[in-house]
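Colleague: Fold the following for me, if possible:
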Amino acid sequence: MRVNCDRALPRLLFLLSIIILFFPSSAVTAGEDYSFDIEEFEPRNFEWGGYTEVRWEHIDFNTDGAFYKLNQYKDRHSTLDRLTGTMQLETLYKKGIWAFSSVLYAKASQDDMGWSDIADVFEANLSLKPAPFVTVDLGKKIFKWGTGYAWNPAGFIDRPKDPNDPEEALEGYIGAGLDLIKSFGGALQTVALTTVVLPVWQDINEDFGEANNVNIAAKLYLLYRDTDIDFLIFNGNSRSTRYGIDFSKNLATNFEVHGEFAYLTKIKQTYLSKTGTIIKRERSVKKYLLGLRYLTESDITTIIEFYHNGNGFSETELNSFYQLVDKAENQFLSSGNNTLFQLAENISQKGYESPQAGRNYLYLKINQKDPFNILYFTPGLIAILNLDDHSYSVTPEMLYTGFTNWELRMRFTFLNGGNFTEFKEKQNENKLEFRVRYHF
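Modeller: Prediction:
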């Protein structure tokens, strides 16, 4: 459910997030008395929390990039500064066999091009547990299928993650689910079956796929010899039928491997050929991911993932699109005619504007806690490499959490590659970001 609010509400939330961020009522003062109360550790019926943050971004546009030319050809800027206020509220109410959870999200931004705002209900789910092995869910929920960190090829009923912020909450979908779980004493320790009914009607999950359909998804989970295994299936007319499997296993206490495989049938796609001809195709594709997570004794965490996106465009198909935008700019500058720009804009919405529109990627994330005995300080780096055209993005970052409930993060992202390669043709050349977040 997505609601475009009137100006008053997002502006109020924007100001409220700043007030809470810089003047938290629960801030700890010097000399405060501490006491131990056993009632604080008893289960509570109602729990709530969340965060408020202020983020400042400075963006240098890639004025030679295809997506800059496509999106900015009418009103060109070389840089952009943006200030964003965000608030996320999470609640959980439990009463007997019932539980209701919600995640509410609001964001308002002001930049050189104007004001934008949005308010979302990310999650609003009613859960019933009539027996220890049965759970029924009804409402809007985030399912989190798949074992990948940056991508989830088998996340058939989840929205795609942002690889630069994969742990941020996502908006769920409205549906009804049933969970059945059974434990055993042998090599097969646990079996769980999850089934989900996902309707797509007017005003309900409209962005999921074809409307006026009811879809079904299922996941069979096995814990076998300390290995987590999922078998997944999606069937319905809103999207094509798809099958998947994933796994996760700790080879040692500090070393984990994981993977996913998905087979998607009858995927429809529009692409540009070498000659610039628009072609439609329907085919079945494979998506898969293999990754590892390793933690050293000095608290360095490394995550590496290889991702194959069978639904992505080949290097040649991406190259043809970038050359089309190049021709559109030449036409516009010489005659003022934007016909080719309109064509390119239409084609870009068929998948070329996706964050990872290619086929093969390598993901790397490294961070270290408290290096050189600097407490609460975590430097890190995120890199994404397109293995086909060798373009890339690199994001070094610094995170500090030395104040109770506070988080300060600074990032700098730069993108590069050869001409007519994916990251070289993005709209941004680099971005500097500073974020202050207060958890409550």
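
Colleague: mind checking the SS state of Phe208?
Modeller: coil (DSSP: H, G, I helix; E, B strand; the rest coil).

Colleague: nearest spatial neighbour of it, skipping sequence neighbours?
Modeller: Val200 (5.1 Å; C-beta to C-beta, 6 or more residues apart in numbering). Using the backbone N, CA and C atoms, a C-beta is placed for each residue, glycine as well.

Colleague: Asp326 too?
Modeller: Nearest to Asp326 is Ala66, by C-beta to C-beta, 6+ apart, at 7.0 Å.

Colleague: Could you give the backbone dihedrals for that neighbour?
Modeller: Dihedral pair for Ala66: phi -60, psi -40, per degrees, to the nearest 10.

Colleague: My read is that it contacts Leu318, right?
Modeller: No. At 9.4 Å, Ala66 does not count as touching Leu318 under the criterion of C-beta atoms under 8 Å.

Colleague: Show me which positions of the top helix by length along the chain end up buried.
Modeller: If each helix of the chain is counted by residues according to DSSP state H, the longest one is helix 315-335. With burial defined by 16 or more other C-beta atoms under 10 Å, the residues of helix 315-335 counted as buried are 315, 317-326, 328-329, 332.

Colleague: now swap in stretch 250-267 and tell me
Modeller: So for stretch 250-267, counting by 16+ other C-beta under 10 Å, buried means Glu256, Val257, His258, Gly259, Glu260, Phe261, Ala262, Tyr263, Leu264.

Colleague: Columns pLDDT, distance to Gly172 and secondary structure on top of the residues you listed, output as JSON lines?
Modeller: Output for the buried residues of stretch 250-267, formatted as JSON lines (pLDDT from 0 to 100; distance: C-beta to C-beta, whole Å; DSSP: H, G, I helix; E, B strand; the rest coil):
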{"residue": "Glu256", "pLDDT": "98", "distance to Gly172": "26", "secondary structure": "strand"}
{"residue": "Val257", "pLDDT": "98", "distance to Gly172": "28", "secondary structure": "strand"}
{"residue": "His258", "pLDDT": "98", "distance to Gly172": "22", "secondary structure": "strand"}
{"residue": "Gly259", "pLDDT": "98", "distance to Gly172": "25", "secondary structure": "strand"}
{"residue": "Glu260", "pLDDT": "98", "distance to Gly172": "20", "secondary structure": "strand"}
{"residue": "Phe261", "pLDDT": "98", "distance to Gly172": "24", "secondary structure": "strand"}
{"residue": "Ala262", "pLDDT": "98", "distance to Gly172": "20", "secondary structure": "strand"}
{"residue": "Tyr263", "pLDDT": "98", "distance to Gly172": "24", "secondary structure": "strand"}
{"residue": "Leu264", "pLDDT": "97", "distance to Gly172": "21", "secondary structure": "strand"}
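
Colleague: Name the nearest of those residues relative to Asn250.
Modeller: Asn250 lies nearest to Glu256 out of these, by C-beta to C-beta, at 4.9 Å.

Colleague: ok, now how distant is that closest one from Ala154?
Modeller: 17 Å (C-beta to C-beta, to the nearest Å).

Colleague: Please apply the same query to Ile366.
Modeller: Ile366 is 25 Å from Ala154, by C-beta to C-beta.

Colleague: When these two are compared, which one has more neighbours?
Modeller: Ala154 (29 against 16; other C-beta atoms under 10 Å).

Colleague: residues in contact with the residue nearest to that one when sequence neighbours are not counted?
Modeller: Distances taken as C-beta to C-beta, 6+ apart put Gly244 closest to Ala154, at 3.4 Å, once the chain neighbours are dropped. Contacts for Gly244 (C-beta atoms under 8 Å, 6 or more residues apart in numbering) come out as Gly146, Pro153, Ala154, Phe156, Asp230, Phe231, Leu232, Ile233, Glu260, Phe261, Ala262, Tyr263.

Colleague: Apply 10 Å and report the result again.
Modeller: Shown in contact with Gly244 (C-beta atoms under 10 Å, 6 or more residues apart in numbering): 145-146, 152-156, 219, 230-234, 260-264, 287-288.
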